[in-house]
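Chemist: Quick one: sequence and predicted model below, then my questions.
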Amino acid sequence: MHELPEATERVVRAAEGLGLTIQPIVFPEGTKTSAEAAAAVGADLAQIAKSLVFIVDTDPVLVLMSGDHRVDTERLAATLDADDARRATLEECRDATGYAAGGTPAFGHPRSMVVVADRSLMRNEDVWSAAGTPTTVYPIKLSDLVRAAGARWVDVAE
């Protein structure tokens, strides 16, 4: 059993503060991409709940997206009544969430931001989500993840 990284411990504490108990698993070989995470946990790619940061106009927005789909930035901008949306840089992701890209959790960020969940995730009752580092993930009921993240459902997949 691997000791949990400090960033993952922060996610565990954030979950506890939201009334959830999560059990992250460390995969030293990495779970940075959806494909790596799915292979590591033995799940379907669609069961990976990616937490992706976008800059919509000037504000960071977190999108929860199924591992087998990509975000359509034009649809994201239109959904949020914005002029523009683009993928956040690695630095913007860390600034907005307090975590590195590839390990960004769905909740537990230092400041609030808009969070949306793409309907493509609805195919799964249970999903796997990043636990603060590119080597840690945890299983969770989709309904609990969406509630903890404060997400609203949208259609922004390509």
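Modeler: That came in fine, so what should we check first?

Chemist: Okay, the most centrally placed residue in the chain and Glu3: tell me how far apart.
Modeler: In the chain, the centroid-proximal residue (C-alpha atoms, centre = their mean) is Ser51; its distance is 2.0 Å. Distance, Ser51 to Glu3, by C-beta to C-beta, to the nearest Å: 23 Å. All C-beta spots, glycine's among them, are computed from the backbone N, C-alpha and C.

Chemist: List the buried residues of stretch 56-76.
Modeler: Buried residues in stretch 56-76, counted by 16 or more other C-beta atoms under 10 Å: 56, 60-69, 71-73, 75-76.

Chemist: So which residues make contact with the helix-or-strand element of the chain with minimal mean pLDDT?
Modeler: One helix or strand of the chain scores below all others by mean pLDDT, DSSP states H and E: helix 34-41, with a mean of 90. Contact with helix 34-41 is made by 25, 27, 29-31, 43-45, 47-48, 50, 67-68, 128, 130, 137, 139, as judged by C-beta atoms under 8 Å, 6 or more residues apart in numbering.

Chemist: Stretch 105-112 too?
Modeler: Residues contacting stretch 105-112 (C-beta under 8 Å, 6+ apart): 10-11, 13-15, 18, 49, 51, 62, 64, 96-99, 115, 129-132, 145, 148-151.

Chemist: before we move on, what about stretch 79-91?
Modeler: Outside stretch 79-91, the residues touching it (C-beta under 8 Å, 6+ apart) are 52-57, 60-61, 71, 73-74, 76-77, 96, 100-101, 114, 116, 154-156.

Chemist: Just say helix, strand or coil for Arg10.
Modeler: Look at Arg10: counting by DSSP: H, G, I helix; E, B strand; the rest coil, its state is helix.

Chemist: about what we covered before: tell me which of the contacts of stretch 105-112 fall in helices.
Modeler: The members of the contacts of stretch 105-112 that map onto helices under DSSP state H are Arg10, Val11, Arg13, Ala14, Ala15, Ala96, Thr97, Leu145, Ala148, Ala149.

Chemist: Not including adjacent chain positions, what is the nearest residue to the second one?
Modeler: The one in question is Val11. Leaving aside its sequence neighbours, Val11 sits nearest to Gly132 (C-beta to C-beta, 6 or more residues apart in numbering; 4.2 Å).

Chemist: Arg10 is in contact with the one you found, correct?
Modeler: Yes. With contact defined as C-beta atoms under 8 Å, Gly132 counts as touching Arg10 (6.1 Å).
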